[in-house]
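Peer 1: Fold the following, please.
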Amino acid sequence: MKNGKETESRENGSIHLQIEEDLDCGRSNIFEPQSSIEKRESSNASSVSTSGPAVHAPEKKLTLFALRLAVLEKAATGLGTLGFVWATVVLLGGFAITLDKTDFWFITIILLVEGTRIFSRSHELEWQHQATWSIADVGITSFRAIRSSSHYVIKAVKAVFRPIDRKQSRHSREITGSGHLVNRRNLDAKKMPSRTWITSDVPLLPYAQWVFLTRNISRLLYWLQLASATACAVLSLLKLIRQNYGKVAKGDTDKRNRESALDIFYALALAEALLFLLEKAYWAWKVIYCKVLEEVNKECDLGPAGMISIRRFFYDAYSRCVNGSIFDGLKMDMVSFAMDLLASSSPDEQLIGVGILQKFATNKQFSDDTLQKLGITMSAMERLVEMLNWKNPQQEEIRKSAAEILSKLAGKKQNSLRVAGIPGAVESISSLLHNHIARYGAADGISEKRIMHDQENYGFCAFNNLGLVILKKLARNHDNCGKIGNTRGLLPKIIDFTHAGERLLKDETVQESPILTVKRSLQLLKLLASTTGSTGKQLRKEISEVVFTISNMRDILRYGEKHPDLQKLGIEVLSNLALEEDPTERIGSTGGILKELFTIFFKEGMPENQNHVRIAAGEALAMLALGSKSNCHRILKLKVIEKLVVALEVPLLQINAARILTNLCTSVEEASFTQLRGVTAAAPTVLRAIMSEESKLQEVMIGLGTFVFRFMDTEESSTVFDRTGFQEAKLASALVQILKKYQYPPTKTPRIRRFAIELAIWMMRDKKTNIQIFKNLGMESGLEKVTETTSELENFNVFSGTVGVSRHSKTIHSLVETAMELLEEN
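Peer 2: Here you go, the predicted structure:
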């Protein structure tokens, strides 16, 4: 993976998948309350389009080109219609008997040819619309068609003597002159049989099927149009030059206006034919020499196969301009055009539509505008979600493109809510996750599930990754997490993807795709486990109840040394699950979990860029020791107290080491105090940190100090003070200054005032002389200020978002009252 993007390709080079990797999964500190205001503002900022420069739309060149062509076409048609009316009403109606023989036949031929051309124009557009061979194709490949016409004739003659082959009647449309469209031919080769005819392949007669296919009839109509216009121009010009309309005898009033009437008719016919030929010349110049279609395709970055989409878009814009107002085509854009094609029943049109949206959604230049339009078009989003359920191998490319579009769409907060709000959306996304289930006959066993790998005709890994990406982006929203958890069978499916055995994690030659699948499943599981409120409690309960969850995390911790990112994610999943009592017990009772966490926590020699794994391991151990007597006893059996005391001197580990020791001292019973006597060795370190450090480190050291000194008698504590060079009065002064500094409970260190009061209480109980010291320092006024500013924030050990978890046994208000009583005793 490079630059946060992943590219997967099939061996034949026909399928390419590019997924933007989101490295930020909403990391939060469970020891501090997390406000959602900042995140909400940033999410909204990304989902609301800001005013800026106009969106670059290369297709405007095509709609403008279609408008100019339509102006010429309608002008020519108008002149032709006027000429037709003039000939039928004036010439044939008024001068039919007096016309010269040649004029009569010239007029008749022109009327028949031009009348047929004008009034069949709409039918020609319909034929060409149904055929894959569009007007643009004809313009580009007309000379090639002429060169190879002899081959077509030979094939047509053979077709006359060969009956129709029904198996070949459903062949997909082919684009002449586009031999580079490998993807297109691969799709055609495996096209799903249809119950209806493909219009471009309809044989109108039972024999000579090549000649009478609709796409070939459209070519024939195109050339007949050119031939008729040329013939009209030649005949009209010939008559206008020669002026041989016959002689008019003197006094013959019936023929005196005949010459002028004929001049007007031939002039109208010539003007109409020249305008039509001018239109075709302009067409050929723009398409063949200026290559406007290729230019727009390049600017849209649709790739070689995108020429089909560009030609179809241009033809539709031209048809709208011709059939309706000349400005109708200007209202078209590629995104709306693609969304319209999604609703089509034709697989070809569906593929064109989803292909355009996929390219635009992944292009930085067009993605914002594309996703904004998609996000407010519910019908298009519903169609994309529906496509996720298309599991037929023939529809693999459509399904994959739809999934990639939704993965981009779900990246915007408002769009993710709309996607998840579609009925059955999460179930459809779940269908992207493929794992093979091997069922056994025994009722007391568990069905074994294995991840599906790519097969020759289907790429399961790509769909697994896309499904996990979509779910991960949806899970950033609290409401969506609830929907994911309520979807039947989805949580076990996600947990299955977190399985990574020793072979996968230790093999240096393993492909990146399986590791990426494990990573994304862990990221998703972490988001679900960190959900706040009652939804989060239920999700953590359900996740921990799946019997493979914790063992999968253990395997990652044990064998994932070469994949520190996976280890960190697995550890964070455990930390979030430990917010609930039952999952905490399950984690601790799973063999090897605590041992592996301590191994990672104490491991030395790790690169600096992997230090985050050790920090995460420390946080997880602190959570598992919090309020769990059984886990604390398991930790004591590992005999790690001395190592934890040493870790208090290591800047990277000291905060979490202090938390672990504090939680051990809080939770163990008095019978186990002898095993914790070793923490007294940390007293000098704790004192120095309290006196010299600030913020988080100072908070955890004050909290640990309360328990460290409880294991000492008065003489031992006095010895520690003398050895460190700190007098008790100096410590008392530091505690009072903390109360004065933090007049309100800070969110970064929510327990610092509580710990300072607890340590002050121990000092006053340890020595009566300390009571007077605190009085002289103004402790009473500091405690009164705390009483006025106490908050629920100070009564909890950890937080799930803004919700407190694991309440302290004593409220801070009761601690203040105890301290005040001790001050009054003197």
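Peer 1: Which other helices and strands does the lengthiest helix in the chain contact?
Peer 2: Counting residues, the longest helix found in the chain (DSSP state H) is helix 214-242. Counting contacts by 3 or more Cβ pairs under 8 Å, 6 or more residues apart in numbering; DSSP states H and E, helix 214-242 packs against helix 101-119, helix 121-130, helix 135-147, helix 258-284. Where you see a C-beta, it was placed from the backbone N, CA and C, and this is true even at glycine.
Peer 1: among those, where is the model least confident on average?
Peer 2: The minimum mean pLDDT among these belongs to helix 135-147 (a mean of 36).
Peer 1: And stretch 400-412, how far out from the chain middle?
Peer 2: Here stretch 400-412 is found 4 Å from its chain centre; the criterion is Cα atoms, centre = their mean, to the nearest Å.
Peer 1: Span of stretch 601-619 from start to end?
Peer 2: In terms of Cα to Cα, to the nearest Å, the two terminal residues of stretch 601-619 are separated by 10 Å.
Peer 1: Would you mark the buried spots in it?
Peer 2: Phe601, Phe602, His612, Val613, Arg614, Ile615, Ala616, Ala617, Gly618, Glu619 (16 or more other Cβ atoms under 10 Å).
Peer 1: and the second one, what does it touch?
Peer 2: Yep, that's Phe602 we're talking about. By Cβ atoms under 8 Å, 6 or more residues apart in numbering, the contact list for Phe602 reads Val640, Lys643, Ala647.
Peer 1: mind checking pLDDT for the residue lying closest to the second one once chain neighbours are set aside?
Peer 2: The reference is to Lys643. Residue nearest to Lys643 in three dimensions, not counting chain neighbours: Phe602, with 5.6 Å by Cβ to Cβ, 6 or more residues apart in numbering. As predicted, Phe602 sits at a pLDDT of 93.
Peer 1: Equivalent analysis for the one 3 residues further on, please.
Peer 2: pLDDT, Gly605: 83.
Peer 1: now swap in the one 10 residues further on and tell me
Peer 2: At Ile615, the predicted lDDT confidence score is 94.
Peer 1: Please report how far it lies from Arg753.
Peer 2: For Ile615, the distance to Arg753 equals 25 Å [Cβ to Cβ, to the nearest Å].
Peer 1: do Trp390 as well
Peer 2: Taking Cβ to Cβ, one finds Trp390 at 60 Å from Arg753.
Peer 1: Compare these two (neighbour count), which wins?
Peer 2: Arg753 (31 against 17; other Cβ atoms under 10 Å).
Peer 1: Work out for me the element that one sits within.
Peer 2: helix 752-766 (DSSP states H and E).
Peer 1: So what touches the following helix or strand past that helix?
Peer 2: Going down the chain from helix 752-766, the next helix or strand is helix 769-776, by DSSP H and E. Helix 769-776 is contacted from outside by Glu728, Ala729, Ala732, Val736, Ala760, Met763, Met764, Leu822, Leu823, Glu825, Asn826, using Cβ under 8 Å, 6+ apart.
Peer 1: In TSV: those, plus distance to Thr549.
Peer 2: Below are the contacts of helix 769-776 laid out as TSV (distance: Cβ to Cβ, whole Å):
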residue	distance to Thr549
Glu728	49
Ala729	53
Ala732	48
Val736	48
Ala760	43
Met763	45
Met764	47
Leu822	48
Leu823	51
Glu825	53
Asn826	56
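Peer 1: top of those residues by neighbour count?
Peer 2: The most crowded member of the contacts of helix 769-776 is Ala760, carrying 29 neighbours; neighbours defined as other Cβ under 10 Å.
Peer 1: is it true that that one touches Leu777?
Peer 2: No. Judged on Cβ atoms under 8 Å, Ala760 makes no contact with Leu777 at a distance of 10.0 Å.
Peer 1: Need the residues touching each of these two.
Peer 2: Counting by Cβ under 8 Å, 6+ apart, the common neighbours of Ala760 and Leu777 are Ala732.
Peer 1: Give me the contact list for stretch 489-505.
Peer 2: Residues outside stretch 489-505 that contact it (Cβ under 8 Å, 6+ apart) are 426, 430, 433, 435, 449, 451, 464, 468, 471, 484-485, 510, 514-515, 517-518, 520-522, 524-525, 528, 539, 542-543, 546, 548-549, 552-553, 555-556, 558-563, 566, 570.
Peer 1: 7 Å - rerun?
Peer 2: Stretch 489-505 is contacted from outside by 430, 433, 435, 449, 451, 464, 468, 484-485, 510, 514, 517-518, 521-522, 524-525, 542-543, 546, 548-549, 552, 555-556, 559-560, 562-563, 566, using Cβ atoms under 7 Å, 6 or more residues apart in numbering.
Peer 1: Pull out the buried positions in it.
Peer 2: Buried positions in stretch 489-505, judged by neighbour count with 16+ other Cβ under 10 Å: 490-500, 504-505.
Peer 1: Stretch 686-700 too?
Peer 2: For stretch 686-700, a neighbour-count test (16+ other Cβ under 10 Å) marks Val686, Leu687, Ala689, Ile690, Met691, Lys696, Leu697, Gln698, Glu699, Val700 as buried.
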